[in-house]
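J.: what's the 3D shape of this:
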Amino acid sequence: MTSAEIRELARACGFELAGVAAADPPSEDRERYRAWVEAGFAGGMRYLTDRRAAVRDDPRNLLASARSVVCVGKLYNTPRPYSTRHTDPELAWISRYAWGEDYHGAVRCGLERLDGMLRERAVAGYESRIAVDTAPPFSGADLPVCLPGYESRIAVDTAPLLERSFARLAGLGWIGKNTCLINQGGGSWFFLGELLVSLDIAPDAPPPDRCGTCRRCIDACPTAAIVPSPAGTGWAVDSRLCISYSTVELRGAIPEERRASHGRHVFGCDICQDVCPWNRRAPVTAGDAFEPRHAAPPLAMLAGISEAEFRSMFRGTSVTRARYAGFLRNVAVAMGNSGLPEFRAPLERLAASGDPLIAEHARWALEKLAPCRGRACPTPTSQRNPMLRTP
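T.: Reported below is the predicted structural model:
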């Protein structure tokens, strides 16, 4: 089987990108990853630094018989404006990848189909070999000792694997200065997945790095999270400074000195991808799985939802990873950064919350609002006009 055949099968399974890498440890990227961890850039994400960090060194730690890594990319870009063009201070911003269906299930479903196709072809290939080897005339020595098996394992983000490294080696793209995988024709709006297989498939070649001297992602990052790599070459993201980390992974308080840089981001951040020249003409997905349910919902509405409403509103999306208290923490910060006095009333309600995390961030936000100057603060437009509730 060739990588060209793999790409054809992957397209039938809903993937726009596909390629093959050898199941060997990516030595250079492994050292960069270790330096990143040792520098503390993983923040509080212990799943990146505990015993699973060593497992990432070699895909054969996940599948001992692995010979090849089939890498795929699923496009999730939709024809909606980028965050850099969305300036309404009454609206929140949710990262593009979390607008629709949780990608873990969508990518895994496609990989399961691809796995089944490869298994069928592998078995058919083995049966053809047996038919040839045992066709008369033959001797007992011609018979195979055993029928070779097909083993595989699916990895979608949660498995300890340096997936961007293998995607690069498989020819899907290069790793940009913002540390996203960038495809020359498709940009960076891709979910990645891997299928480790016991088949020996000729690997693809990695493409050249085409970022050149461009620094747009570095200069556009509000928190200066893209920094020189601690490995000594290239660039890395210090998660402790990254808006995505603070609004999704961080379970405690957002450091006060960094809150003002968060703008209206309540879950994740897309700025370093929004400004990337390779995303100027990025294609959009033909499916509807990633169509936005809530891309830029009204902040006032979000501030008033209950925990049950939060779970219902974002069920089946990645937003639930932030958890209810963390999400309202983010909403409070976004309201404070808006500077709008009409957010005083909802923030006062959040400041009275029994959850100290929510209350503290709401108090901080109240200090950032413009005064109402002796009159009652107006009701936010998004509360007066129901049509603005789901932009």
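J.: Show me where the stretch 101-250 of the chain dips below the pLDDT cut-off.
T.: For the stretch 101-250 of the chain, the stretches with pLDDT under 70 are 125-148.
J.: just the strands in it please.
T.: Applying DSSP state E, counting those that start in this stretch to the stretch 101-250 of the chain gives strands spanning 152-155, 174-175, 181-182, 190-197, 226-228, 235-237.
J.: With respect to residue 316, which of those lies nearest?
T.: strand 190-197 (15.2 Å; C-beta to C-beta). (Each C-beta comes from the backbone N, C-alpha and C, glycine too.)
J.: roughly how far is the closest one from the heart of the chain?
T.: 13 Å (C-alpha atoms, centre = their mean, to the nearest Å).
J.: Likewise for stretch 43-54?
T.: 17 Å.
J.: who's in contact with it?
T.: Contact partners of stretch 43-54, identified using C-beta atoms under 8 Å, 6 or more residues apart in numbering, comprise 33, 34, 37, 42, 160, 239, 240, 245, 249, 250, 251.
J.: a markdown table please, covering these and showing distance to residue 86 and neighbour count.
T.: As requested, the contacts of stretch 43-54 are exported to a markdown table (distance: C-beta to C-beta, whole Å; neighbours: other C-beta atoms under 10 Å):
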| residue | distance to residue 86 | neighbour count |
| --- | --- | --- |
| 33 | 34 | 21 |
| 34 | 38 | 16 |
| 37 | 34 | 16 |
| 42 | 30 | 20 |
| 160 | 35 | 19 |
| 239 | 24 | 20 |
| 240 | 26 | 17 |
| 245 | 21 | 23 |
| 249 | 23 | 18 |
| 250 | 23 | 21 |
| 251 | 27 | 11 |
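J.: out of those residues, who's nearest residue 321?
T.: residue 249 (8.0 Å).
J.: Count the neighbours of the nearest residue to that closest one once chain neighbours are set aside for me.
T.: Take residue 249 and drop its neighbours on the chain: the residue closest to it by C-beta to C-beta, 6 or more residues apart in numbering is residue 45, 5.6 Å away. Using other C-beta atoms under 10 Å, residue 45 has 14 other residues around it.
J.: same thing with the one 3 residues further on?
T.: By other C-beta under 10 Å, 18 other residues sit near residue 48.
J.: Near the nearest residue to residue 321 once chain neighbours are set aside, how many residues? Count them for me, please.
T.: Distances taken as C-beta to C-beta, 6+ apart place residue 248 nearest to residue 321, at 5.8 Å, with adjacent residues excluded. Other residues within reach of residue 248, judged by other C-beta under 10 Å, total 22.
J.: which residues touch residue 248?
T.: So, once contact is read as C-beta under 8 Å, 6+ apart, residue 248 ends up touching 267, 268, 321, 322, 326.
J.: Pull the contacting residues for the second one.
T.: I take that to be residue 268. Neighbours of residue 268 in contact, by C-beta under 8 Å, 6+ apart: 94, 95, 97, 98, 243, 244, 247, 248.
J.: Do I have it right that the third one meets residue 107?
T.: Read that as residue 97. No: between residue 97 and residue 107 there is no contact under C-beta atoms under 8 Å: 11.5 Å.
J.: Going by how many neighbours each has, rank the two and give me the top one.
T.: Taking neighbours as other C-beta under 10 Å, residue 97 and residue 107 compare with residue 107 leading, 25 against 21.
J.: coming back round to it: for the residue nearest to residue 249, give me the pLDDT.
T.: As predicted, residue 45 sits at a pLDDT of 94.
J.: how close does it get to residue 181?
T.: 19 Å (C-beta to C-beta, to the nearest Å).
J.: Residue 335 too?
T.: Distance, residue 335 to residue 181, using C-beta to C-beta: 34 Å.
J.: neighbour-wise, which of these two wins?
T.: Neighbours were counted for residue 335 and for residue 181 using other C-beta under 10 Å; residue 335 has more, 32 against 22.
J.: now the strands of the stretch 101-250 of the chain as a markdown table including distance to residue 354?
T.: What follows is the strands of the stretch 101-250 of the chain, written out as a markdown table (distance: least, C-beta to C-beta, whole Å):
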| stretch | distance to residue 354 |
| --- | --- |
| strand 152-155 | 40 |
| strand 174-175 | 44 |
| strand 181-182 | 43 |
| strand 190-197 | 37 |
| strand 226-228 | 38 |
| strand 235-237 | 35 |
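J.: Minimum distance to residue 212: which of those has it?
T.: The nearest among the strands of the stretch 101-250 of the chain, by C-beta to C-beta, is strand 174-175 at 11.0 Å.
J.: Sheet-wise, list the partners of that closest one with their directions.
T.: When pairing is defined by DSSP bridges, strand 174-175 lines up against strand 181-182 (antiparallel).
J.: and the top helix by length along the chain, what does it pack onto?
T.: In the chain, taking DSSP state H as the definition, the longest helix is helix 103-133. Under the contact criterion of 3 or more C-beta pairs under 8 Å, 6 or more residues apart in numbering; DSSP states H and E, helix 103-133 touches helix 3-12, strand 68-75, strand 152-155, strand 190-197.
J.: Can you mark which positions in it are buried?
T.: The neighbour-count check on helix 103-133 (16 or more other C-beta atoms under 10 Å) flags 103, 106-108, 110-111, 113-115, 117-119, 122 as buried.
J.: so how far is it off the chain centroid?
T.: 27 Å.
J.: Out of the contacts of residue 268, which comes closest to residue 174?
T.: For those, the closest approach to residue 174 (C-beta to C-beta) belongs to residue 97, at 19.9 Å.
J.: from what I can see residue 3 touches residue 204, true?
T.: Yes: contact criterion C-beta under 8 Å: residue 3 and residue 204 qualify, at 5.1 Å.
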